[in-house]
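Trainee: when you get a sec, could you give me coordinates for this:
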Amino acid sequence: MGNARPQRGATINAVSDRFNLPQRESDGDWLDARGDIDGPAAPVRTSVQPLHPKTIISYNKSPDVPFDRSINAYVGCEHGCIYCFARPSHAYHDLSPGLDFETRLFVKPDAAALLHTELRKPGYRCATIALGTNTDPYQPIESQWRVTREIIALLASCDHPVMITTKSDRVVHDLDLLAPMAAKGLVAVAISVTSLEPRVAMTIEPRAPHPERRLKAVRQLSDAGVPTYVNMAPIIPAITDHEVEAIVARAAAAGARGVSFIPVRLPWEVAPLFRAWLDAHFPDRAGKVMATIQSLRGGGRDNDPGFFTRMRGQGPWAELLRTRFLIARRRHGIDQNREKLQLRTDLFRPPPGDQGELF
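Mentor: Have a look, this model is predicted:
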């Protein structure tokens, strides 16, 4: 069982052996006894290291996601959400999907410059770029690095559509860019609200902004004309599922155009991290939570990687969730089936050759 740490999500920092990451063994150094000296809940500092990829747009062919390209300005995420399906990606860097994922971060400072180059390629075909599909584009370090803002500024300069997903109210800091884009039909924002209970939110998403601040951001964006949606992503059985109706009501009151949900996903190393977190924070219901998750995932397994079912879940529990959302949305005047936002691609023009003009 892991130990809870102040303002951190993962309770353990186990390494992965999927990519030949070696297991660290005790060598007699004093660091082996650090837990006994500092205590099991010693604070962990955040470090940030530049990363210099050759390209910045990632393409996918997944049939159950509404975009074929995305940009991730950061690797790892300081929000520390225990359920984050992106945690396993840290193993590619020989780091743990546990505490390393939320404390040892990477930033791509050249992201906007790389994007400028890719958008100017003769064969580039314009389609909506998604930000925030893997790690949050508005996590705390964005206030210092401002890479997300540089990306949006470039996209705005050439009328390129963008869809932003975040669980941070920091997105309103870029309203000066987003509002004019919205007026042209070039942007939409989805804000994740998983719980309205501060103590629960602080436990599952320890460094994400307070849920009331996120709902305030929904209102600010909506009032500025930016199409804004709320995602209850993920829903954790026996921990947050009782809040479905309340979150839909608050989202509608804040001006959200739509509200959606995704049942919690536990791919690869996320499952043991999540189990350790349950044992540390919710030992009274850990068994019930995991039994319901396994029911959602086809029975007998923690995760279902299948297209479509991975996002929706299956079985009676998933059907009950869908029914509850349908009723709640109708009650508050949100017709999810009718609201299909299409961002414009016909306005796009490649950015000018002199990159210095953009920044």
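Trainee: which sections of this structure are below the confidence cut-off?
Mentor: Within the chain, the ranges that satisfy pLDDT under 70 run 1-12, 14-43, 336-340, 354-359.
Trainee: could I get the full set of strands for the protein?
Mentor: 47-50, 58-59, 69-71, 74-75, 104-107, 129-131, 162-166, 187-192, 228-235, 258-263 (DSSP state E).
Trainee: list the helices and strands the longest one packs on?
Mentor: Just to be clear, that refers to strand 228-235. Applying 3 or more CB pairs under 8 Å, 6 or more residues apart in numbering; DSSP states H and E, one finds that strand 228-235 makes contact with strand 187-192, helix 211-223, helix 244-253, strand 258-263. (C-beta placed from N, C-alpha, C; glycine too.)
Trainee: looking at the ones you listed, which is closest to S143?
Mentor: Closest approach to S143 among the helices and strands packed on strand 228-235 (CB to CB): helix 211-223, 14.2 Å.
Trainee: which residues touch that closest one?
Mentor: The contact list for helix 211-223 (CB atoms under 8 Å, 6 or more residues apart in numbering) reads 167-169, 171-172, 175, 178, 189, 191-198, 201, 228, 230, 250-251, 254-257.
Trainee: got the buried residues for it?
Mentor: Going by neighbour count (16 or more other CB atoms under 10 Å), the buried part of helix 211-223 is P211, R214, L215, A217, V218, Q220, L221, S222.
Trainee: which residues does A253 contact?
Mentor: Neighbour list for A253: H332 [criterion: CB under 8 Å, 6+ apart].
Trainee: and the gap between it and T203?
Mentor: According to CB to CB, to the nearest Å, A253 and T203 sit 25 Å apart.
Trainee: if we can go back for a sec, output the helices and strands packed on strand 228-235 in CSV, with distance to A111 appended to each entry.
Mentor: Formatted as CSV, the helices and strands packed on strand 228-235 follow (distance: least, CB to CB, whole Å):
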stretch, distance to A111
strand 187-192, 18
helix 211-223, 23
helix 244-253, 30
strand 258-263, 26
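Trainee: mind checking these for the one nearest to P351?
Mentor: Closest to P351 of the helices and strands packed on strand 228-235 is strand 187-192 (CB to CB; 17.0 Å).
Trainee: and the closest one, what other elements does it pack with?
Mentor: Helices and strands touching strand 187-192, as assessed by 3+ CB pairs under 8 Å, 6+ apart, comprise strand 162-166, helix 175-183, helix 211-223, strand 228-235.
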